[in-house]
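Visitor: Quick one, what's the 3D model for this:
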Amino acid sequence: MKLVSLNNLIIRFKWRISFTFLLIIVESLLTILYPLLIGLAINDLIDGKYQGIMNLTIFAGLSLLIGSARRFYDTRIYAGIYRVIAPEMVASEFKNGSSLSTVSARSSLINEFVEFLENSMPEVVGAIVTLVGVLSIIAALNIWVFFACLALLFLVAITYTVSWNKNFRLNSGFNNELEKRVSTLVSKNQELIKSHFKELMRWNIKLSDLETLNYFVIYIGVIALFIFTPFVVIESGVLKYGLIFAILMYVFDYIEKVIAFPLYIQQLIRLKEISNRLSQSSNHVGSLSVSGMPEMRG
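Guide: Numbers count the residues shown, from 1 in each chain. The predicted structure follows:
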């Protein structure tokens, strides 16, 4: 079996995936212009002009067409990828002598790689493109708001760097228990079954508690940015209503993308743990290695 990892999947199916990445980038670049176009449209309407509204309508229609085409294409591409790698993984696990319970659990776990590529990778690529574009525009509009936005990004990075190892251990404990599900159910032992689901929920609660703590820290920064932005924009002498609105929208858009990154980080940690699990299993026969990202639980 070929190596299975996020990087290797992208390389192995590069021509199929690269086209959807291109559509994501174009879609994201168009989306970046929305707040600015809305602000310009507001200024035009105040002056009795309609060119701004026309530009906004054209961009909205183009963005809608590209986004719809990309989603239509994605569903078929990633379904095809899963049809290829899932049977390979099952064959490798049976060749390695894994139990039916383990193979069943891991066939579900490996699906998380494909789901990440289909559902989360477009959001990650789009978020990165949007963050770079939005930060560039914010820097041009108000440098102090730009520095405040960077501070929030730094807070997110520090928070998840500190909690990374604990998050990985909790995901490992959850997956250890998950792999026992089929054998536990086959036993028909009610006490064993109750204990199994109790343990799953215990790990799930621990993951949720850690994520709640991380979000508490991050939202302190979000609230501070919310308060700081309108204050500093007005104090700096910006008087055009459309421009003020555009800056606030860019900050809101930036915050939305930044607070979504913890979800991707959670997925990264989870897929990394699954990667180690599948790699350790297949190292016995030297046929399988997997790397990747945790699903947010909470």
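Visitor: Only C-alpha atoms from now on, for both contacts and neighbour counts.
Guide: OK.
Visitor: How confident was the prediction at Ala148?
Guide: pLDDT for Ala148: 91.
Visitor: what are the phi and psi values for Phe197?
Guide: When read as degrees, to the nearest 10, the backbone of Phe197 gives phi -70, psi -30.
Visitor: That one: what's it in contact with?
Guide: By CA atoms under 8 Å, 6 or more residues apart in numbering, the contact list for Phe197 is empty.
Visitor: tell me the pLDDT at it?
Guide: pLDDT for Phe197: 84.
Visitor: do Met296 as well
Guide: Reported pLDDT for Met296: 37.
Visitor: roughly how far out does stretch 75-85 sit from the chain middle?
Guide: Relative to its chain's centre, stretch 75-85 lies at 19 Å (CA atoms, centre = their mean, to the nearest Å).
Visitor: got the buried residues for that stretch?
Guide: By 16 or more other CA atoms under 10 Å, the buried positions in stretch 75-85 come out as 77-78, 82, 85.
Visitor: Just the ones in helices from the residues you listed, please.
Guide: If you go by DSSP state H, the buried residues of stretch 75-85 have 77-78, 82, 85 in helices.
Visitor: picking up where we left off before, ok, so of the buried residues of stretch 75-85, who is nearest Leu153?
Guide: Set against Leu153, the nearest of the buried residues of stretch 75-85 by CA to CA is Tyr78 (30.9 Å).
Visitor: roughly how far apart are that closest one and Leu117?
Guide: When distance is defined by CA to CA, to the nearest Å, Tyr78 is 8 Å away from Leu117.
Visitor: again with Gly221
Guide: Distance of Gly221 to Leu117, given as CA to CA: 30 Å.
Visitor: returning to that earlier point: just send the ones in helices among the buried residues of stretch 75-85 back as a markdown table, with distance to Ala60 and pLDDT too.
Guide: Putting these into a markdown table (distance: CA to CA, whole Å; pLDDT from 0 to 100) gives the following:
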| residue | distance to Ala60 | pLDDT |
| --- | --- | --- |
| Ile77 | 26 | 81 |
| Tyr78 | 27 | 79 |
| Tyr82 | 33 | 76 |
| Ile85 | 37 | 76 |
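Visitor: Mind exporting the C-alpha coordinates of stretch 13-27 to CSV?
Guide: In CSV, the C-alpha atoms belonging to stretch 13-27 read as follows (Å, rounded to 0.1, in the frame of the first residue of the first chain):
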residue,chain,number,x,y,z
PHE,A,13,-3.9,13.1,-6.3
LYS,A,14,-2.2,16.5,-7.1
TRP,A,15,-3.9,17.2,-10.4
ARG,A,16,-7.4,16.7,-9.0
ILE,A,17,-6.7,18.6,-5.8
SER,A,18,-4.7,21.5,-7.3
PHE,A,19,-7.7,22.6,-9.4
THR,A,20,-10.0,22.9,-6.4
PHE,A,21,-7.2,24.8,-4.5
LEU,A,22,-7.1,27.3,-7.4
LEU,A,23,-10.8,27.8,-7.2
ILE,A,24,-10.6,28.3,-3.4
ILE,A,25,-7.9,31.0,-3.9
VAL,A,26,-9.9,32.9,-6.5
GLU,A,27,-13.0,32.7,-4.4
